[in-house]
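Undergrad: Below: sequence and its predicted model.
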Amino acid sequence: MSEAPAPPPSRGRLFVVSGPSGVGKDTVLARLHSLMPDVVRCVTATTRAPRAGEIEGRDYLFVSLQEFREMVERDEFLEYARVYENLYGTPRAWVDEQRAQGRDVLLKIDVQGGLTVRTKVRDAVMIFLRPPSVAELERRLRTRLTDTEEQITTRLLDARSELQQIPNYDFAVVNDEVDRAADLLRAIILAERSRIHPHGWAARDGGGHGSGDGPSVPWSDPNA
């Protein structure tokens, strides 16, 4: 008797990590990747210029404004948004292909884009990476030496608004120390892999967070 064919792999999960500019998303996710190399990191397309140390195809897909517009016209993005003076987009086909093959995908994205993904991928696991305080976020923005004073002011104003979106996420992780934050992200991923019941807004009755009309509880920063 011939062996029965192996069952297809279960569909991979999509983990969305958002947070204000300067919170340390890249650093924490680099540490997470060293702990969980099997989680595939989604590479987004952007029109901004590469920063020092960034590699094409590993950190971002660096494209021209014209190329980005053509990708939009071909409906190639799961979501796209303007973040300050640049455009960012998540390649739809790549994410779907990885998940269909049973791979878990990690998407680092700004808060605006994360909320868009939430409405389109209802089983996405939403994780908000937040700073210990706005004062600490300002310190980090100044330390990285990539922003003008005007840009820092804008980013801090945006951060205060973005922090109010925490209730629309499934998890909030404080990045007060890189290893600890990465360990918490790893724990979330391992817990979701053990989940029995469907995750997220797709499993809930009615609208709630899934339709964008969930509770909006302000986030209070004691050290702002």
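TA: Looks like it came in fine. Residues are numbered from 1 along each chain as shown.
Undergrad: Just give the number of residues close to Asn168.
TA: 20 (other C-beta atoms under 10 Å). The way it works is simple: take the backbone N, C-alpha and C, and place the C-beta from them, glycine included.
Undergrad: from what I can see it touches Gln112, true?
TA: No: with contact defined as C-beta atoms under 8 Å, Asn168 does not reach Gln112; the gap is 11.8 Å.
Undergrad: got the residue ranges for the strands in the protein?
TA: 14-18, 40-41, 45-46, 61-62, 77-83, 86-91, 105-108, 125-130, 171-174 (DSSP state E).
Undergrad: Convert the last one to PDB, retaining C-alpha atoms only.
TA: Okay, so that is strand 171-174. As requested, the backbone C-alpha atoms of strand 171-174 are provided in PDB (Å, rounded to 0.1, in the frame of the first residue of the first chain):
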ATOM      1  CA  PHE A 171      -0.400  43.200  22.600                       C
ATOM      2  CA  ALA A 172       1.700  46.100  23.800                       C
ATOM      3  CA  VAL A 173       5.400  45.500  24.500                       C
ATOM      4  CA  VAL A 174       7.500  48.100  26.200                       C
END
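Undergrad: got any ranges where this structure has weak pLDDT?
TA: 1-9, 200-224 (pLDDT under 70).
Undergrad: Now do the helices in it.
TA: For the chain, applying DSSP state H gives helices covering 25-35, 65-73, 92-100, 111-120, 134-143, 149-163, 178-193.
Undergrad: Gly57: which of these is closest?
TA: helix 92-100 (11.7 Å; C-beta to C-beta).
Undergrad: helices and strands around the closest one, which ones?
TA: With contacts taken as 3 or more C-beta pairs under 8 Å, 6 or more residues apart in numbering; DSSP states H and E, helix 92-100 sits against strand 77-83, strand 105-108.
Undergrad: okay, the angle between the longest one and helix 65-73?
TA: Looking back up the chat, that one is strand 77-83. If you take axes from the mean of the first three to the mean of the last three C-alpha atoms, to 10 degrees, strand 77-83 sits at 140 degrees to helix 65-73.
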